[in-house]
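K.L.:
Turn this into a structure:
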Amino acid sequence: MAHVEPGICMFDRQQEEIRLASLHATSILDTPPEAAYDTITRLAAEYFQAGAAVLDFADRSRVWVKSLWGCHTYPQKIVREMPRTGSLFDLTVAADGPLEILDLPQDPAFEGRLALLKQLHVGSLVSVPVRSSDGIILGALTIFWDRPHTALEDDGLRMLEGLADMASSQLELRRLRRNMSLRKNRRPHPILRRLDTWPRRSDLLRAIEERQFVLHYQPEIDLSTRRIVALEALIRWDHPDRGLIAPMDFIPMAEETGLILPIGDWVMEEACRQIQIWKQQDPDHSNLRICVNLSARQFSRPGLTDHVEALLLQTGVAAQQLGLEMTESSLIPNMHTALEVLTSLRKLGVSLLLDDFGTGYSSLNHLHSFPFDVLKIDRIFVTRMTNGDQPLQIVRTIIELARVLGMDVVAEGIDSTDHYRLLRQLGCRYGQGYLFSEPLSAEAVTRLLSLPGRVLPEAEMVGVRRDDICFQEPDVLRVLRGGNGLSQIEKP
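P.N.:
Numbers count the residues shown, from 1 in each chain. As a prediction, the model looks like this:
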């Protein structure tokens with residue numbers, strides 16, 4: 001039985017693609033509970049007198065729990081998904097066989113790793129792979145005890161592997177049923193109509209594997225003090241041949257191919273990592289928040305809250321330092337699910353921001369139902385404020401509505417001193433736009449955050465015309481003047 005050193009396991013790209021294709025052929029991810037799998041985890045927990053047994057599967061960026069069975073004596077917590085980076089699943093794949101950790105709290109090799117297991121008071125565990133019919137590892141069956149445990153005897157290990165084989169048999173049945181259904185309803189895949197377009201799915205996969213994506217950050221300002229209070233994380237593709245690519249040029253293909261999920265998970269993970277870096281540089285940044293945009297696919301995942309909680313625990317970031325932004329279009333298709341997910345995220349303590357408010361067809365009808373902390377006024381309303389009384393009245397109404405509902409307001413697209421002046425007169429507290437700063441690299445933002453009190457000097461704030469925007473990295477003086485870069489409207 002293997003004992004594997006922890007860390008981020010880097011697997012052969014071709015092998016991982018084969019593994020993912022085999023996993024998706026089973027259509028097991030994000031499926032509701034099923035008695036067959038719950039029976040397997042129950043038998044495992046009872047046979048080994050373990051505190052809990054878990055059956056999980058992993059795609060490119062997350063580990064998804066299909067079944068968890070725990071005894072009443074175990075301090076169990078139903079966790080639907082966790083980040084894959086540094087996960088127990090990666091260790092099991094690296095071992096390519098049974099994995100044991102017999103005294104997790106005392107094992108120095110796992111210090112700072114597997115934080116969720118420690119929070120659940122896991123003392124020891126044994127994990128065995130769940131394989132496809134051709135031997136590819138798709139998931140893992142794991143038993144946990146709340147105290148150190150001795151290694152399993154050969155008979156016990158064979159029993160656990162036999163239970164994992166039962167799960168494999170269920171997967172094979174799913175795969176066969178799915179193939180039969182696909183043959184009956186075969187239609188041309190929409191991607192086939194776009195073979196001549198760029199980027200292709202293979203280009204996005206290479207970008208993920210070679211870590212070509214980067215985050216830029218646009219400051220959010222307290223309009224009364226010009227203090228930087230938050231940052232919005234915006235993804236860019238730093239292509240080795242094509243240079244810096246705006247999200248509008250690759251996010252649609254990521255959505256269409258399903259790669260938006262690992263890309264979006266990377267954005268959350270990278271944002272949390274950057275929060276920790278800034279907090280280590282200056283403890284005063286512990287009240288700085290980074291906001292991340294969620295796609296509709298991310299938001300519809302049943303395990304989103306668990307993933308976020310595990311990520312915060314893994315990175316040591318306080319919940320209030322992470323903001324999650326979503327548009328109304330990602331909420332309306334399933335109002336009941338949306339309310340459940342938002343409520344659980346709110347209980348977790350992260351900030352919830354409704355992005356592009358005012359552009360949805362039912363914002364006023366449903367806003368009171370959702371537990372948002374912040375409304376973000378879409379830039380189209382802000383830029384039109386100087387065009388007459390009606391656009392100005394719309395912004396005034398949104399600000400008053402937020403006040404009544406106890407929410408903060410962030411105005412997007414503040415590109416001129418007139419926008420700045422009018423919003424302050426209307427009582428809008430926060431804003432972002434080119435008047436203050438373009439989206440910047442982490443290095444450039446670090447220089448901004450080093451300003452005394454994180455306050456932008458008023459005399460230096462000058463907006464830029466959209467026609468002047470290019471893809472050059474500014475120095476700190478151009479940062480303070482507004483500089484050049486991608487506009488807020490081009491975010492995913």
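K.L.:
Flag every buried residue along the longest helix anywhere in the chain.
P.N.:
Ranked by number of residues, the top helix in the chain under DSSP state H is helix 154-184. Neighbour counts over helix 154-184 (16 or more other CB atoms under 10 Å) mark 157, 159-161, 163-164, 166-168, 170-171, 174-175 as buried. (Each C-beta comes from the backbone N, C-alpha and C, glycine too.)
K.L.:
Check stretch 337-348 too.
P.N.:
Buried residues in stretch 337-348, counted by 16+ other CB under 10 Å: Ala338, Val341, Leu342, Leu345, Arg346, Leu348.
K.L.:
again, but for stretch 219-238
P.N.:
In stretch 219-238, counting by 16+ other CB under 10 Å, buried: 219-221, 223, 226, 228-237.
K.L.:
Also stretch 15-27?
P.N.:
For stretch 15-27, a neighbour-count test (16+ other CB under 10 Å) marks Arg19, Leu20, Ser22, Leu23, Ala25, Thr26 as buried.
K.L.:
quick check, nearest of the residues you listed to Glu209?
P.N.:
When the buried residues of stretch 15-27 are ranked by distance to Glu209 (CB to CB), Leu20 comes first, at 12.0 Å.
K.L.:
which stretches of the stretch 51-200 of the chain form helices?
P.N.:
Under the criterion DSSP state H, counting those that start in this stretch, helices of the stretch 51-200 of the chain are mapped to 88-95, 115-119, 154-184.
K.L.:
Can you say which of the ones you listed is nearest to Glu438?
P.N.:
With CB to CB as the criterion, Glu438 lies closest to helix 115-119 of these, at 35.7 Å.
K.L.:
Quick one: mean pLDDT for the closest one?
P.N.:
Mean pLDDT, helix 115-119: 70.
K.L.:
Check the burial of Ser441 by counting its neighbours.
P.N.:
Neighbour count for Ser441, taken as other CB atoms under 10 Å: 19.
K.L.:
what does Asp30 give?
P.N.:
So Asp30, with other CB under 10 Å, has 14 neighbours.
K.L.:
That one and Arg147: what is the separation?
P.N.:
Using CB to CB, to the nearest Å, we find Asp30 at a distance of 33 Å from Arg147.
K.L.:
looking at it, Ser67 is touching Ala45, isn't it?
P.N.:
No - with contact defined as CB atoms under 8 Å, Ser67 does not reach Ala45; the gap is 10.5 Å.
K.L.:
Give the residue spans of the stretch 51-200 of the chain that score low on pLDDT.
P.N.:
Low-confidence segments of the stretch 51-200 of the chain (pLDDT under 70): 71-78, 108-116, 118, 181-196.
K.L.:
Closest to Glu100 out of the buried residues of stretch 337-348?
P.N.:
For those, the closest approach to Glu100 (CB to CB) belongs to Leu348, at 32.0 Å.
K.L.:
which one of the buried residues of stretch 219-238 sits closest to Leu104?
P.N.:
Using CB to CB, the buried residues of stretch 219-238 come closest to Leu104 at Ala233, 32.8 Å.
K.L.:
Confirm that that closest one sits in a strand.
P.N.:
Yes - counting by DSSP: H, G, I helix; E, B strand; the rest coil, one finds Ala233 located in a strand.
K.L.:
Report the contact partners of it.
P.N.:
Leu215, His216, Tyr217, Val267, Glu270, Ala271, Gln274, Ile290, Cys291, Val292, Asn293 (CB atoms under 8 Å, 6 or more residues apart in numbering).
K.L.:
Quickly list what the first one is bridged to.
P.N.:
It refers to Leu215. Ile235 (DSSP bridges).
K.L.:
ok, it to Leu312 distance?
P.N.:
Using CB to CB, Leu215 is found at 17 Å from Leu312.
K.L.:
likewise Glu443?
P.N.:
Distance check for Glu443 against Leu312: by CB to CB, it reads 25 Å.
K.L.:
More neighbours: which of those two?
P.N.:
Shown here are Glu443 and Leu312; by other CB under 10 Å, Leu312 has more neighbours (21 against 9).
K.L.:
Spell out, range by range, the helices that occur in the stretch 301-450 of the chain.
P.N.:
Counting by DSSP H, counting those that start in this stretch, the stretch 301-450 of the chain has helices at residues 304-315, 335-348, 363-366, 379-383, 389-404, 417-425, 442-449.
K.L.:
Show the pLDDT at Pro492.
P.N.:
34.
K.L.:
now Ser441
P.N.:
96.
K.L.:
if we can go back for a sec, which one, of the helices of the stretch 301-450 of the chain, ends up nearest to Asp203?
P.N.:
helix 442-449 (24.2 Å).
K.L.:
what distance separates the closest one from the centre of its chain?
P.N.:
The chain centre lies 23 Å from the centre of helix 442-449; the measure is CA atoms, centre = their mean, to the nearest Å.
K.L.:
closest to Phe299 out of the helices of the stretch 51-200 of the chain?
P.N.:
Nearest to Phe299, of all the helices of the stretch 51-200 of the chain, is helix 115-119, at 21.9 Å by CB to CB.
K.L.:
In which helix or strand does the residue nearest the centre of the chain reside?
P.N.:
In the chain, the C-alpha nearest the mean C-alpha coordinate belongs to Asp265, at 3.5 Å (CA atoms, centre = their mean). Using DSSP states H and E, Asp265 maps to helix 260-281.
K.L.:
which residues sit against that helix?
P.N.:
In contact with helix 260-281 (CB under 8 Å, 6+ apart) are residues 59-62, 83, 85, 204, 208, 213, 215, 217, 233, 235, 251, 254, 285-286, 288, 290, 292-295, 297-298, 301, 307-308, 311-312, 315-317, 321-322, 442, 446, 449.
K.L.:
Quick check on those: which are buried?
P.N.:
If we count by 16+ other CB under 10 Å, these have these buried: 59-62, 83, 85, 204, 208, 213, 215, 217, 233, 235, 251, 254, 285, 288, 290, 292-295, 298, 301, 307-308, 311-312, 315, 317, 321-322, 442, 446, 449.
K.L.:
Out of the buried residues of stretch 219-238, which comes closest to Gln14?
P.N.:
Of these, the one sitting nearest to Gln14 (CB to CB) turns out to be Trp237, at 22.4 Å.
K.L.:
okay, now the domains of this structure?
P.N.:
The chain is divided into the following domains under automatic domain parsing: 13-182, 201-490.
K.L.:
Might you quantify the distance of the last one from its chain's geometric centre?
P.N.:
Taking CA atoms, centre = their mean, the mean C-alpha location of domain 201-490 is offset from the chain mean by 14 Å.
K.L.:
Alright, I will stop here.
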